[in-house]
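Enquirer: Quick one, what's the 3D model for this:
(2 chains)
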2 protein chains.
Amino acid sequence: MTLTWTQIVIDSENPHTLAHWWSDVLGWPVIYEEDGEDEVEVAPHADAQPTLLFVPVPERKSLKNRLHLDFRPDDQAAEVERMLAVGATRVDVGQGDDVTWVVLADPEGNEFCILRAR
Amino acid sequence: MTLTWTQIVIDSENPHTLAHWWSDVLGWPVIYEEDGEDEVEVAPHADAQPTLLFVPVPERKSLKNRLHLDFRPDDQAAEVERMLAVGATRVDVGQGDDVTWVVLADPEGNEFCILRAR
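Expert: Numbers count the residues shown, from 1 in each chain, chains lettered A, B, ... in the order given. You can find the predicted model right below:
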């Protein structure tokens, strides 16, 4: 393999705040963050790739994202409630009422899905 | 851990074509594809997570994606040339001339970066 998939880069209004939100809700460590730098990197564990790299951009999110993250829970209802309690929101991207997953958005509006339990 | 990061979902005009393009350029296997289903999943290897899941959407990409993939090459120039030869394009997202990475887009316009060599 000549290309290693190292990162998902997430354009952010506030990379610090958004990265720490994801770190907290997923229980993942912040693996890169330095004073004076405005990029913050979060990963499932210290050596895991790909990581989530939050970088600053001037523009706000406007349209539905073309790429999004999916997560598999042990308990879907409990995870959705937990996410909503810390600032996630339910969003309607046209998924309808009969799907097995729940569509949420993070505090900057980035959509993600909590799939049915494993 | 109660949430497992299983997928990056990529909205696609043509999931089949786009998934096979990525599978070919990365040398990753197609791990899910069934007749009559319009979702195609590609992964670094059969048991790897997260995977790339290409799903159909009616709308075309319009804005710069808010999430994108980064790859670390062994040889940056060679990988960029290889990607361009099979249909990737160079794109300007305002990165300027002094950055160490190269910004490309896949055949549906999804931006990704080839970082400097490891």
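Enquirer: three-state assignment of A:Ser23?
Expert: The assignment at A:Ser23 comes out as helix when based on DSSP: H, G, I helix; E, B strand; the rest coil.
Enquirer: Do I have it right that it meets A:Val42?
Expert: Yes. With contacts counted by C-beta atoms under 8 Å, A:Ser23 reaches A:Val42, the gap being 4.8 Å. Backbone N, C-alpha and C define where each C-beta goes, glycine included.
Enquirer: And the strands in chain A?
Expert: Listed from the start of the chain, chain A has strands (DSSP state E) covering A:3-12, A:30-32, A:40-42, A:51-56, A:67-73, A:89-90, A:102-105, A:111-114.
Enquirer: quick one: strands adjacent to the third one?
Expert: According to DSSP bridges, the neighbouring strands of strand A:40-42, each with its direction, are strand A:30-32 (antiparallel), strand A:51-56 (antiparallel).
Enquirer: Tell me who's in contact with the closest residue to A:Asp38 other than its chain neighbours.
Expert: Taking C-beta to C-beta, 6 or more residues apart in numbering or on different chains, and ignoring the residues beside it in sequence, A:Asp38 has A:Pro56 as its nearest neighbour in space, at 4.7 Å. With contacts defined as C-beta atoms under 8 Å, 6 or more residues apart in numbering or on different chains, A:Pro56 is in contact with A:11-15, A:38-39.
Enquirer: Enumerate the residues of chain A near chain B.
Expert: Of all the residues in chain A, those in contact range of chain B (C-beta under 8 Å from any C-beta of the partner chain) are A:1-11, A:26-27, A:44, A:50, A:53, A:61-75, A:78-79, A:110, A:113-115, A:118.
Enquirer: go with 6 Å
Expert: Of all the residues in chain A, those in contact range of chain B (C-beta under 6 Å from any C-beta of the partner chain) are A:2-11, A:61, A:63, A:65-68, A:70-74.
Enquirer: quick revisit: now that we have the strands paired with strand A:40-42, can you turn them into JSON lines and tack on mean pLDDT?
Expert: JSON lines is the format used below for these (pLDDT from 0 to 100):
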{"stretch": "strand A:30-32", "mean pLDDT": "97"}
{"stretch": "strand A:51-56", "mean pLDDT": "98"}
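Enquirer: what's the most buried one of the ones you listed?
Expert: Burial of the strands paired with strand A:40-42 is given as mean neighbour count (mean count of other C-beta atoms under 10 Å in any protein chain shown); strand A:51-56 ranks first at a mean of 20.
Enquirer: send the alpha carbons of it over as PDB?
Expert: What follows is strand A:51-56, C-alpha atoms only, in PDB (Å, rounded to 0.1, in the frame of the first residue of the first chain):
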ATOM      1  CA  THR A  51      -8.100  10.400  13.000                       C
ATOM      2  CA  LEU A  52     -10.500  13.300  13.100                       C
ATOM      3  CA  LEU A  53      -8.700  16.600  12.400                       C
ATOM      4  CA  PHE A  54     -10.600  19.800  13.100                       C
ATOM      5  CA  VAL A  55      -9.400  22.800  11.200                       C
ATOM      6  CA  PRO A  56     -10.600  26.400  11.100                       C
END
